[in-house]
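Engineer: From the sequence below, what's the structure:
(one chain, ligands or ions: 1)
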Amino acid sequence: MTTPNVRPLAAGNWKMNGSRQFARDLVKGLADQLATTKLAADVLVCPPFPYIETVLSAAGSGLLVGAQDCHAKVSGPHTGDVAAAMLADLGCGYVILGHSERRTDHGESSAIVQAKAAAALAAGLVAIVCVGETEAERDRGETIKIVEKQIVESLPSGATAANLVIAYEPVWAIGTGRTPTNGDVEAVHKAIRGLISQKLADGGLVRILYGGSVKPGNAAELMAIPEVNGALVGGASLKVEDFWAIAAACR
Ligand code: PGA
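Structural biologist: Just a heads-up that it's a prediction; the model follows:
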């Protein structure tokens, strides 16, 4: 449900999927929809690095474009990495940081995520910082404790509602078709709102997204939960119709 004065965000995380032609087609489909229909939400796509430029040239003015990671350093001997300033230079406005797949596959700690988020802010990007508990942590009743710890440790200095988005993504809900109960989502989002309001002067306005198996069929229900200000969408962001339906439900 829209928090007063917070414009929702529908963010598509393509992960390591697609091709140049796929990227063009998907973005053209979204841009065509945006050209004719006004949504209550901002719409963002985050393609793999090699397709960012393709996506930017197909995106038109209405669609926001971001990346899925950046390095903490400005430049230097970091083979295979991409600096936040390079993303800003291309025309990206956003970067996803600390996704659970990066925390797991690349051993990214919250301290690393915090350094990357600081680099993103310094480059003028909006950092989408992802947090979420594993299934074992949930079973132990530690969800809120874990999520709050990740936020405290990942939050860069200088964060504001204009340059920070938080995405709550239970690890066990990502790509599994499973989602928490509405009550559980509400409890976590309210806890995040409380924490971020203590930490930031304008924390009441930070967008808090839910992610993990958001689909056209459950989006309206999830987006109606208090303090849910949009969605971070993986699998369903790879189809124009599905992602558009989710974006339309973000209000
Ligand atoms: P999913 O992924 O929508 O495929 O569950 C969400 C994410 O990982 O951001």
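Engineer: Specify the local secondary structure of residue 136.
Structural biologist: helix (DSSP: H, G, I helix; E, B strand; the rest coil).
Engineer: Let me see the ranges of the helices in this structure.
Structural biologist: Here the chain has its helices, by DSSP state H, at 20-36, 52-59, 84-90, 100-105, 110-122, 135-139, 143-154, 182-199, 216-223, 240-249.
Engineer: residues of the fourth one that come out buried?
Structural biologist: Think helix 100-105. Judged by neighbour count (16 or more other C-beta atoms under 10 Å), helix 100-105 contains these buried residues: 100-103. No exception for glycine: its C-beta is placed from N, CA and C like everyone else's.
Engineer: got a list of contacts for it?
Structural biologist: 15, 69, 108-109, 113, 130, 132, 169, 171, 174 (C-beta atoms under 8 Å, 6 or more residues apart in numbering).
Engineer: Near the ligand, list only the ones from these.
Structural biologist: 169, 174 (C-beta under 6 Å from any ligand atom).
Engineer: and the contacts of helix 100-105 as TSV, adding neighbour count?
Structural biologist: Shown next, in TSV, are those (neighbours: other C-beta atoms under 10 Å):
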residue	neighbour count
15	19
69	22
108	20
109	13
113	25
130	27
132	26
169	26
171	23
174	21
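Engineer: Verify the stated contact: residue 199 with residue 156.
Structural biologist: No - using C-beta atoms under 8 Å, residue 199 is not in contact with residue 156, being 11.1 Å away.
Engineer: okay, the two: which has more neighbours?
Structural biologist: Ranked by neighbour count (other C-beta atoms under 10 Å), residue 199 and residue 156 place residue 156 first, with 20 against 13.
Engineer: From residue 12, how far out is the closest residue to the ligand within the stretch 151-251 of the chain?
Structural biologist: Nearest to the ligand in the stretch 151-251 of the chain, going by C-beta to the nearest ligand atom, is residue 234, at a distance of 2.3 Å. Distance of residue 234 to residue 12, computed by C-beta to C-beta, to the nearest Å: 8 Å.
Engineer: Name the residue in the two with the higher neighbour count.
Structural biologist: Counted by other C-beta under 10 Å, residue 234 and residue 12 do not tie: residue 12 has more neighbours, with 28 against 20.
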